[in-house]
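Participant: no sequence on hand, only this structure:
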């Protein structure tokens, strides 16, 4: 069983490698009748694009997304929506020097052990380039959620290395390359990143997110819980090492009398549950956090082996991206949108629709 | 789409409610030819059973599991293995007083919002009673993994409230009701729990786990990653609020030069990755941690509403279990076993089998 | 991947063997709020039961179905509905004489080649005993379809050996063991069957079926077409060798000017399509036919081998059922109900619900 | 749930409309390590291409297939194989006159009822243009089956209108546009078709097929039977109205003593089963037949309605294809290849691999 498909009633399948000719996706099960343009999709792609900030990698892609099926006269038809982007900045440079290298912390070792063959150019299929298509498909899902249920989804940087950040003013997250609502702390973050890049090292990041106006009742017990499928989605993003819902790991040291969200005057008095009880949404904000590991490609040399088993030293030349986690922010939003939209469709399947619309 | 099934090539479907007549499961896709007895399954069930310790709830179930299909003359046939257990301690007491109560932190609110009807007896379908069947099915998976690949899976209590515990001597985890390898700290834990129970409050727990001898190459990029499906599995366990793979959230503040596990003299020098790179196992131990929230049923009163929307006060009478997370330990092991066995089967499907056996 | 599950949004999983202790099923995704009793299910089971007529096999099962989960206070809860039946007439007789026999036309050969082990008692998992659970689950689906969409499904015997039968008066199909609406031809069929049984031989049967009041719009192009999934369902019934939709194989020799169902005065003038165009229902009656092969267990000896490869002669002793196809009639109805209900749920997932209810 | 995906362990997803810019597919789960070129795929595409014979439609497509992912240095990598073809002969002519027409026998009515919107250009998503991608993906599956298991799959025209044809010399099916092994009857067929086209009418066709060297043991009881999934595959092809396995509908009038394939001197003495018993392959040839309805687009006028409900007369102008079934031959082969390869992968997942290779 291969798994380049995500979702049940709304199914997203991606294809393409970092340095292949084309990347793309098929979004199957999307309802008919929604207007959509490539410009709307491209607006989301720009948010995740590389080459926007001095802190990210130098690859510059135009990301000229094409809708090649599923949309007719500007409107979705209910048929599979295929989106493709031609890779333009995947230069056919000489990769012979890295063809046998096993770069520590990368997919090189595990892909080689699994498949016996691998596309060594820029990570091949394991590259974060694939996430471009998630953001593209997420753009459709986000529009549908907003139009039909007034649901909005926002993610932000909540920790960079050991710097912790508050949500701040979330309307401002697109004003800096850090996706932070604490806009006045951007200079501090700039300084931190510059120093880090000079050192040749990298750090991890924590991204937090919330979905507002999600109706109560979404989630399929026992193995299709909303939180479980959000965890699946987040862990499928490159470099993820952890996922929390609501209070997350802080719940371990909490007392039950504090954690259980009481209902006072008909309203939840707190939201440690993160908007999900027993796998089903309660109508409160859905909240989660995701841990991203530090970039593995560094100028600092690392000990490793090559595919013949010989000891080698691996060094990444040229500019690098000292914190890949930051750029995961729009991807977290996109995956959250795909999960929630899928769950709305599943809910509609089983339950009389008037329940959802109440 | 309903979701009482877990897994792709090895598929586990459970049914039954806390106070129904029978709980059960169907394990579909299990290979033919493995010997199994009800005693072997029961040995695992005893580890998770309630009523074993003064710290857990008072429900006493014999858990007399029956194999009703899929095993012939003591050997699996390749056909669906159905296991059932008759509930014996689900007393037909008067539930009329709780039929309309919405207990904070429980499934009551979200199930009621989703389905419009609910089985209010002991949590109905949302009860942890369902996890009995996971442990039963896990017993088969664990035996198969051990016999065919020498894989062993062990989970332990790594945090109780604010008490942090080391792995210690994992051969001793079954010697106390705390599933701890730090066997000399059991008196400390006993004391903590007694005090907690007297206070009428509860705490969360963190369970850690590892799987040893897992071959390299398991995991399906991009949406069936081994870590992503482990996260799905763990988040499907009652009361889970977070999942970490390897370094988990600690990776956020790590430097890349530390986190990326270098290969020195042909061996990984560390295992911050938790045995998984780019979603595929590396052959190192698979390590993870899971956060469980504190028990919501407390003697301490809570503000809530009933299903008519009236404000009420909810109090749980009688003995309670002040830390449900502890008893999740064998469930974490069982789910890990089901995920890994499923991935071995998926790997065998796509890859020439000699790769896996190397 | 094992496949004891059928359906997508409404998922039916069966378990159990012919001579095991218990057979059962799990119906997952069934909507909450429908009243159902075991008597309603049993009424359908009686229609398919053996031992009703002098023409069928002598096994007598009480088929005392139990609802062990998913129904609370007489109403479905939205959780998995598990049904079980204890086998009572599976006598523990001595099977040692048949343990190694490969009976021609049975599952013996292919199961043995696939699994290496097999339950030789009465066909084990391959026995038509499994279809009892389809009829049980079908009873729930049929009630839901009738209540919510006024859909009715009827199947009848349209060919017995070389005797062709018309639909006749379908309100009378339960008045004879032949499921025929041509009630005045029952004596002819009785005579034919008696003669056949005396000869020790068997014949095949053709069952036709129709579903009325199915709304237009059901079916998922391109690989989840309504007709394609009906074919999957029908071919999953024991002994099926062919499936036709609408005109079926007669369409080969038809002219297009005849076959294409014109719309005259706003009504379809014919229904050669069988109510399905391009995989999607049109609102006309859904019509299909299914070919069942003749019983393979005969008193007439057959040449075969045993599991050691030695040539043997196989003879079935005692009374036999000279036409298994007849009894497939309620199974065809049940599978048709499960497919249509699943498609209604899929349709609701993707399309604004007001479309379906129009 | 949308369904533009086919298969379980080998999953094929197609996208694109008749007159969209691009059609394509994603083949997920294909094993790594097989060499493949676009020329090998194109060789199969040419067999199904339009414009080859005076009997088929006039659309001329170059079908210049591109492999955009999943193949690196000429070899499959185990990652999703995406194939795309740009439509070149989908002229942007004026479709305004047909935008509201409901053509009898086409998808127009049911698509319109289901989705509310539709791509009216050349059938949109319902067009047989989609089957190009099945043949493309089938080319990869056929190569893999031949290389790894020496399996060959051949389909041929067995009935054209009321003309019945024998298999004949199957090595000659590519020598005429009729895919017939009775090569000396081609003039008769030519004459029949010319006459038919002059009349402005059309007929159906029956295509038969066999797969040789399929190992015993493929198929997943009870709902993933090899024959059931072949039926699903065949019914998913445009214009199919019936499917038979082995003796098919002829089995209805057979006696059991004839139908059950006896084993004499260690060999099956006949193959009425079509190589499948109880849903699992026996090692004999897999045989099946498929009924295709006559073309619905005719010069002969038909009564219908438009999307406003007004009565209209529909006439297809220009040249038409009087028997669409003939060109389905390579599609039947491709779908058979995809099903069998998927089942080999499923079998490998569950069963120790030495069973399959024996």
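Facilitator: That came in fine, so what should we check first? Everything numeric in this text was worked out from a predicted model, so none of it was measured.
Participant: and the spatially closest residue to residue A:21 that is not a sequence neighbour, what element?
Facilitator: Excluding the flanking residues, the one nearest residue A:21 by Cβ to Cβ, 6 or more residues apart in numbering or on different chains is residue D:68, at 5.3 Å. Bear in mind the C-beta positions are built from the backbone N, C-alpha and C, glycine included. In the assignment (DSSP states H and E), residue D:68 maps to strand D:66-69.
Participant: relative to that strand, what are the paired strands and their orientations?
Facilitator: Strand D:66-69 sits in its sheet next to strand D:81-86 (antiparallel), going by DSSP bridges.
Participant: start and end of stretch A:7-19, how far apart?
Facilitator: Using Cα to Cα, to the nearest Å, the end-to-end distance of stretch A:7-19 comes out at 26 Å.
Participant: go on, stretch A:305-313?
Facilitator: Criterion Cα to Cα; first-to-last residue distance in stretch A:305-313 is 8 Å.
Participant: so it, near chain B or not?
Facilitator: Yes: Stretch A:305-313 comes into contact with chain B (Cβ under 8 Å from any Cβ of the partner chain), by way of A:305, A:309, A:311.
Participant: residue A:312 belongs to a strand, doesn't it?
Facilitator: Yes: according to DSSP: H, G, I helix; E, B strand; the rest coil, residue A:312 belongs to a strand.
Participant: show me what the one helix or strand residue A:191 maps to is packed against.
Facilitator: Assessed by DSSP H and E, residue A:191 sits inside helix A:186-199. Secondary-structure packing of helix A:186-199 (3 or more Cβ pairs under 8 Å, 6 or more residues apart in numbering or on different chains; DSSP states H and E): strand A:152-160, strand A:163-164.
Participant: can you tell me which of those strands comes nearest to residue C:24?
Facilitator: Comparing the helices and strands packed on helix A:186-199 by their distance to residue C:24 (Cβ to Cβ), the top pick is strand A:152-160, with 41.7 Å.
Participant: quick one: contacts of the closest one?
Facilitator: Outside strand A:152-160, the residues that touch it by Cβ atoms under 8 Å, 6 or more residues apart in numbering or on different chains are A:142, A:145-146, A:164-168, A:170, A:173, A:178-181, A:189, A:192-193, A:203, A:205-213, A:289, A:323, A:325-326, A:329-330, A:332-333, A:336-337, A:340, B:252-253.
Participant: next, the angle from that strand to helix A:186-199.
Facilitator: Angle, strand A:152-160 to helix A:186-199, by axes from the mean of the first three to the mean of the last three Cα atoms, to 10 degrees: 60 degrees.
Participant: ok so, going back, for the helix holding residue A:191, which outside residues touch it?
Facilitator: A:55, A:160, A:161, A:163, A:176, A:178, A:180, A:202, A:203, A:320, A:322, A:323.
Participant: same deal with stretch A:246-256?
Facilitator: Counting by Cβ under 8 Å, 6+ apart, A:259, A:271-276, A:287-289, B:105, B:159, B:161-162, B:201-206, B:241-242, B:244, B:249, B:291-298, B:300, B:322, B:325 sit against stretch A:246-256.
Participant: please work out the average pLDDT along that stretch.
Facilitator: The pLDDT scores in stretch A:246-256 average 98.
Participant: likewise for stretch A:309-329?
Facilitator: Averaged across stretch A:309-329, pLDDT comes to 90.
Participant: show me what from chain A comes close to chain C.
Facilitator: A:1, A:9, A:29-33, A:78-79, A:221, A:345-346, A:348-353.
Participant: number of nearby residues for residue A:36?
Facilitator: Residues near residue A:36, counting by other Cβ atoms under 10 Å in any protein chain shown, number 19.
Participant: that one against residue A:147, yeah?
Facilitator: No: at 10.5 Å, residue A:36 does not count as touching residue A:147 under the criterion of Cβ atoms under 8 Å.
Participant: which residues does the strand holding residue D:68 contact?
Facilitator: With Cβ under 8 Å, 6+ apart as the criterion, strand D:66-69 contacts A:15-17, A:20-24, A:84, A:125, D:36, D:38, D:41, D:79-85.
Participant: among the residues you listed, which lie within strands?
Facilitator: A:15, A:22, A:23, A:24, A:84, D:81, D:82, D:83, D:84, D:85 (DSSP state E).
Participant: list the contacts of the first one.
Facilitator: Each residue near residue A:15 by Cβ under 8 Å, 6+ apart is listed here: A:4, A:23, A:24, A:25, D:26, D:68, D:69, D:70, D:79, D:80, D:81, D:82.
Participant: which stretches of the stretch 101-250 of chain A form helices?
Facilitator: Taking DSSP state H, counting those that start in this stretch as the criterion, the stretch 101-250 of chain A carries its helices at A:108-115, A:131-149, A:186-199, A:226-235.
Participant: as JSON lines, those with mean pLDDT would be great.
Facilitator: Converted to JSON lines, the helices of the stretch 101-250 of chain A look like this (pLDDT from 0 to 100):
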{"stretch": "helix A:108-115", "mean pLDDT": "94"}
{"stretch": "helix A:131-149", "mean pLDDT": "97"}
{"stretch": "helix A:186-199", "mean pLDDT": "95"}
{"stretch": "helix A:226-235", "mean pLDDT": "98"}
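Participant: distance-wise, check residue A:207 relative to residue A:165.
Facilitator: According to Cβ to Cβ, to the nearest Å, residue A:207 stands 10 Å off from residue A:165.
Participant: got it, and residue A:188?
Facilitator: Distance, residue A:188 to residue A:165, using Cβ to Cβ: 10 Å.
Participant: those two: which has the busier surroundings?
Facilitator: Under the criterion of other Cβ under 10 Å, the comparison of residue A:188 against residue A:165 puts residue A:165 first, with 21 against 14.
Participant: wait, that one sits on residue A:180?
Facilitator: Yes: with contacts counted by Cβ under 8 Å, residue A:165 reaches residue A:180, the gap being 5.5 Å.
Participant: what number of residues lie near residue A:183?
Facilitator: Neighbour count of residue A:183, defined by other Cβ under 10 Å: 14.
Participant: show me what the longest helix seen in chain A packs onto, helices and strands only.
Facilitator: Using DSSP state H to assign secondary structure, the helix with the most residues in chain A is helix A:329-350. Packing partners of helix A:329-350 (3+ Cβ pairs under 8 Å, 6+ apart): helix A:38-48, helix A:131-149, strand A:152-160, strand A:205-212, helix A:226-235, strand A:286-292, helix A:353-357, helix C:329-350.
Participant: direction included, what does the third one pair against?
Facilitator: Taking DSSP bridges as the criterion, strand A:152-160 forms sheet pairs with strand A:163-164 (antiparallel), strand A:205-212 (antiparallel).
Participant: tell me which residues are up against the shortest one.
Facilitator: Yep, that's strand A:163-164 we're talking about. Here strand A:163-164 has contacts from A:158, A:188, A:189, A:192, using Cβ under 8 Å, 6+ apart.
Participant: what subset of those is buried?
Facilitator: Buried members of these, counted by 16 or more other Cβ atoms under 10 Å in any protein chain shown: A:158, A:189, A:192.
Participant: between these, which sits nearest chain B?
Facilitator: Set against chain B, the nearest of the buried ones among the contacts of strand A:163-164 by Cβ to the nearest Cβ is residue A:158 (9.2 Å).
Participant: beta partners of the closest residue to that closest one other than its chain neighbours?
Facilitator: Spatial nearest neighbour of residue A:158, excluding adjacent residues (Cβ to Cβ, 6+ apart): residue A:208 at 4.0 Å. Beta bridges link residue A:208 to residue A:156, residue A:289, judged by DSSP bridges.
Participant: and residue A:208, what does it touch?
Facilitator: Applying Cβ under 8 Å, 6+ apart to residue A:208 gives the contacts A:155, A:156, A:158, A:167, A:287, A:288, A:289, A:290.
Participant: isn't the fifth one right next to residue A:275, touching?
Facilitator: Yes: A contact is recorded between residue A:287 and residue A:275 when judged using Cβ under 8 Å, the distance being 6.3 Å.
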